[in-house]
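*Asks:* Need coordinates for the following:
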Amino acid sequence: MDLRTRVVCSIGGVARLGELAAGIFDDAREKRVLLVTDPGVAAVGHARSGEEALIEAGFRVQRFEDVRENPTTSDVDACLALAKDFEPQLLVGLGGGSSMDVAKGTNFLYSCGGRMRDYRGVGKAGREMLPLIAVPTTAGTGSEAQSFALIADEETHEKMACGDPQAAPRIALLDPQLTLTLPPIVTACTGLDAIAHAVETAVTRTRNAVSSMFSREAFRFLSRAFPRVVKSPDDLEARADMLRGAALGGFAIENSMLGAAHSMANPLTRHFGLPHGQAVGTVLPHVVAFNRKDPTSSRIYSELATFVGGAGPRALIEALHGFVVQAGFPLTLRECGVDARATDLMAAEAAQQWTAQHNPRRVEGGEFTALFAAACDGGSI
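*Replies:* Reported below is the predicted structural model:
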């Protein structure tokens, strides 16, 4: 177990970005920083705050702010073109998971050459990569604590997980003030995603003692903070706990991987446009119901249920349904606009997702069909 990322959690911490960046380098010569962000983060002034902190610390800063949601290889290529012209010595990903993923993807190509598909999998960076600082503005993906970039192929639409130990951020700077400007639906969706990370990583086949610790602590933070942030968006303490939980979930993913709920979410987003967090949050209770037939998973689910004041897997399932309701979303996929006739198609696609192989119970096309059917109508599995 190697924790490659230093976590700094501080209200107003974005003002420390320059100081933290300067601490990465041994000499005092002027350094160039490429700040990767998205239009929304730039519009509310967060990118400017980070840029000013870096300039004050003596850095030259170039900003790339054209990151799109669910980034593709074309987003990385556009950022790479700017990097080649500017020649940075440090990358900063400031934004949601998309901005951090584009920063990581750019790091692969700028430092090592080639195309994104060359780095699909783990450990394929053949050269030293630039240091990266991650500054999340959402509490959800946990990308700030991971060495993976999720980038879709522009031509095939396949989501590629590209990871290498060198791609992990040197520093994850968690500033809850940056999450105050999130629209309520983004707070809800990213929060449900973070909760799913905690629950799924807790039971995967590839879990270990350390990842299990991260999963439990992530769920402890998230389960108590999520109802508060959706009810009182200005609650900074709850915002901070959401960021802590999301980062811990990221560490858990790094050392455990995900399961069937995330395999199901991608087809739902692709075919019906459901936001990822809503999709994974809606199907997660049904996946827990399916997995609880595995004795070890049932025991772990019972442990997680104690954090929501319950006992046994059924209490956890009820709490997960409750989070979806608190987020303001319907409980069934049918109510979300999903056509049940697409169940077989989505099941076939879910079975091909890389996360499916890590689920504690074997899950293939037939099992996914049953899971989608249950999630569509709210039935039992």
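
*Asks:* can we go C-alpha only for contacts and neighbour counts from here?
*Replies:* OK.

*Asks:* Give the burial count for the closest residue to residue 236 other than its chain neighbours, as a bare number.
*Replies:* With CA to CA, 6 or more residues apart in numbering as the criterion, residue 236 has its nearest non-adjacent residue at 6.3 Å, and that residue is residue 176. Counted with other CA atoms under 10 Å, the neighbours of residue 176 add up to 28.

*Asks:* Show the model's pLDDT score for residue 176.
*Replies:* For residue 176, the pLDDT comes out at 98.

*Asks:* ranges for the strands of this structure?
*Replies:* With DSSP state E as the criterion, the chain has strands at 6-9, 32-36, 60-64, 90-95, 121-122, 132-136, 148-152, 159-163, 171-174.

*Asks:* okay, the ones you listed, which one's buried deepest?
*Replies:* Highest mean neighbour count among the strands of the chain (mean count of other CA atoms under 10 Å): strand 132-136, with a mean of 29.

*Asks:* angle of that strand against strand 32-36?
*Replies:* Counting by axes from the mean of the first three to the mean of the last three CA atoms, to 10 degrees, strand 132-136 lies at 30 degrees to strand 32-36.

*Asks:* now for strand 132-136, which elements pack on it?
*Replies:* In terms of contacts (3 or more CA pairs under 8 Å, 6 or more residues apart in numbering; DSSP states H and E), strand 132-136 is packed against strand 90-95, helix 97-112, strand 171-174.

*Asks:* from the chain's centre, how far out does the second one sit?
*Replies:* Right, the one you point to is helix 97-112. Chain-centre distance of helix 97-112: 15 Å, with CA atoms, centre = their mean, to the nearest Å.

*Asks:* Now do it and strand 90-95, the angle between them.
*Replies:* Using the same axes, to 10 degrees: helix 97-112 against strand 90-95 is 160 degrees.

*Asks:* Not counting its neighbours along the chain, what's nearest the residue positioned nearest the centre of the chain?
*Replies:* Centroid-nearest residue in the chain, with CA atoms, centre = their mean: residue 141, separated by 1.5 Å. Distances taken as CA to CA, 6+ apart put residue 97 closest to residue 141, at 5.5 Å, once the chain neighbours are dropped.

*Asks:* The one you found touches residue 146, doesn't it?
*Replies:* No - counting by CA atoms under 8 Å, residue 146 is not a contact partner of residue 97; they are 10.5 Å apart.

*Asks:* quick one on the thing from earlier: from residue 149, how far off is the residue nearest to residue 141?
*Replies:* Distance of residue 97 to residue 149, given as CA to CA, to the nearest Å: 9 Å.

*Asks:* what is in contact with those two at once?
*Replies:* residue 143 (CA atoms under 8 Å, 6 or more residues apart in numbering).

*Asks:* Could you list the domains of this structure?
*Replies:* 6-178, 183-377 (automatic domain parsing).

*Asks:* which regions of this structure lie under the pLDDT threshold?
*Replies:* 1-2, 28 (pLDDT under 70).

*Asks:* can you give me the helices in it?
*Replies:* Along the chain, counting by DSSP state H, helices occupy 17-22, 39-43, 46-56, 73-86, 97-112, 184-201, 209-231, 236-256, 260-272, 276-291, 295-305, 313-326, 343-351, 365-377.

*Asks:* Which among those is found nearest to residue 165?
*Replies:* Closest to residue 165 of the helices of the chain, according to CA to CA: helix 236-256, at 9.9 Å.

*Asks:* same for the closest one, what does it pack against?
*Replies:* For helix 236-256, the packing partners by 3+ CA pairs under 8 Å, 6+ apart come out as strand 171-174, helix 184-201, helix 209-231.

*Asks:* Could you provide the ones you listed in TSV, with additional columns for distance to residue 294?
*Replies:* Output for those, formatted as TSV (distance: least, CA to CA, whole Å):
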stretch	distance to residue 294
strand 171-174	35
helix 184-201	14
helix 209-231	17
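
*Asks:* So which of the ones you listed is nearest residue 88?
*Replies:* So among these, strand 171-174 is nearest, using CA to CA, at 17.1 Å.

*Asks:* List the strands paired with the closest one, with their directions.
*Replies:* The pairing partners recorded for strand 171-174 under DSSP bridges are strand 6-9 (parallel), strand 132-136 (parallel).
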